[in-house]
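Enquirer: Provided below for reference: sequence and predicted model.
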Amino acid sequence: QVQLVESGGGLVQAGGSLRLSCAASGRTFSSYTMGWFRQAPGKERELVAAVRWGYGNIYYADSVKGRFTISRDNAKNTVYLQMNSLNAEDTAIYYCAANLLQGITAKYDYWGQGTQVTVSS
């Protein structure tokens, strides 16, 4: 089992940047596919970006391509989400999630508590 703790959220002006971090417990971090999800008020949760275990395939939602970058540091048990050119539509609670030895579109079994990102226009 893995425990996930997000950090890095906050209030930023439109056009600004934030970097989210997700620290994972355990000794098999490299075996987990890691994803960043977000949920805005009144909207369904959506997968924003993910990086697969093993080969490290990466996925981005169309809405964030070219603006967000996901990366992982297996030595630090941490996954990051660098968010640039933020706009009001990026305002949401961002969740880190993980699944063990599964693909990017598989079910995610482990979730962090979420971190709020608010973009002011």
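Expert: Great, that's in hand.

Enquirer: drop to CA atoms for contacts and neighbour counts, all remaining ones
Expert: OK.

Enquirer: Against A50, how distant is the residue nearest the centre of the chain?
Expert: What sits nearest the mean C-alpha location of the chain, by Cα atoms, centre = their mean, is W36, with 2.3 Å. Shown here: W36 relative to A50, a distance of 6 Å by Cα to Cα, to the nearest Å.

Enquirer: Same check on L20?
Expert: 13 Å.

Enquirer: okay, those two: which has more neighbours?
Expert: With neighbours defined as other Cα atoms under 10 Å, L20 and A50 compare such that A50 has more, 29 against 21.

Enquirer: May I have the beta-bridge partners of that one?
Expert: Beta-bridge partners recorded for A50 (DSSP bridges): G35, Y59.

Enquirer: who's in contact with it?
Expert: Shown in contact with A50 (Cα atoms under 8 Å, 6 or more residues apart in numbering): 33-36, 58-60, 70, 104.

Enquirer: In those, which residue is surrounded by the most others?
Expert: M34 (34 neighbours).

Enquirer: how much space is there between it and N87?
Expert: Distance from M34 to N87, by Cα to Cα: 24 Å.

Enquirer: May I ask which helix or strand encompasses the residue nearest to M34 when sequence neighbours are not counted?
Expert: Distance criterion Cα to Cα, 6 or more residues apart in numbering; nearest residue to M34, sequence neighbours excluded, is A98 at 4.6 Å. When elements are assigned from DSSP states H and E, A98 belongs to strand 92-100.

Enquirer: List the contacts of that strand.
Expert: 4-6, 22, 31-41, 106-118.

Enquirer: That concludes my questions; thank you for your assistance.
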